[in-house]
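Asks: Quick one: sequence plus predicted model below, questions after.
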Amino acid sequence: MSQKPSEQTEDRLEKIFQLQKGLSSMMNLDRYPKDSEGRVSALCTAIMHEAVELQRTTNWKWWKTPTPFNESDAREELIDIWHFVVQASLELNLTPDDIVEEYKRKNEINRERQRTGY
């Protein structure tokens, strides 16, 4: 019996969470904040910095001669963001199922905003 696409996606998200937990268990966390709020704050900072690194792969400087877009570098920076987003999810005790449900909930809010001219 084959799985539904949504079940496959949730299984993949579960795999990503498992990989992140394994990576975290290998890290020296001496300098990682001890409290949940501090950890989430540190992860937000990391996400912002990785987003800037992703932006740097694009030709956002309109005053500068453009260079060829390196999709491989952009993908790597995006995956760095994913690492920190998943870790923040773990810090906030979100499971893959929680994320799917929260995403659906917020997606419906955003759709309603688009329908009503938000």
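Replies: Yes, it's here. Numbering: from 1, shown residues only.
Asks: make it CA atoms for all contacts and neighbour counts henceforth
Replies: OK.
Asks: check contacts around V40.
Replies: A88, E91, L92 (C-alpha atoms under 8 Å, 6 or more residues apart in numbering).
Asks: Report the separation between it and S89.
Replies: According to C-alpha to C-alpha, to the nearest Å, V40 and S89 sit 9 Å apart.
Asks: sorry, back to before: out of the contacts of V40, which sit inside helices?
Replies: Counting by DSSP state H, the contacts of V40 place A88, E91 in helices.
Asks: Show me which of the contacts of V40 is closest to I79.
Replies: Nearest to I79, judged by C-alpha to C-alpha, of these is A88 at 14.1 Å.
Asks: So what's the residue count around that closest one?
Replies: Counted by other C-alpha atoms under 10 Å, the residues lying close to A88 total 20.
Asks: Ramachandran coordinates for the closest residue to it other than its chain neighbours?
Replies: Counting by C-alpha to C-alpha, 6 or more residues apart in numbering, A88 lies nearest to V40, which is 5.8 Å off, once chain neighbours are set aside. The phi and psi torsions at V40 (degrees, to the nearest 10) take the values phi -60, psi -40.
Asks: pretty sure I81 contacts I47?
Replies: Yes - applying C-alpha atoms under 8 Å, one finds I81 in contact with I47, separated by 5.4 Å.
Asks: Show me the helices in this protein, by range?
Replies: So, for the chain - with DSSP H - the helices run 5-26, 36-55, 71-91, 96-115.
Asks: Would you mind putting the ones you listed into a markdown table with mean pLDDT and distance to K61 alongside?
Replies: Below are these laid out as a markdown table (pLDDT from 0 to 100; distance: least, C-alpha to C-alpha, whole Å):
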| stretch | mean pLDDT | distance to K61 |
| --- | --- | --- |
| helix 5-26 | 87 | 34 |
| helix 36-55 | 98 | 10 |
| helix 71-91 | 98 | 16 |
| helix 96-115 | 97 | 30 |
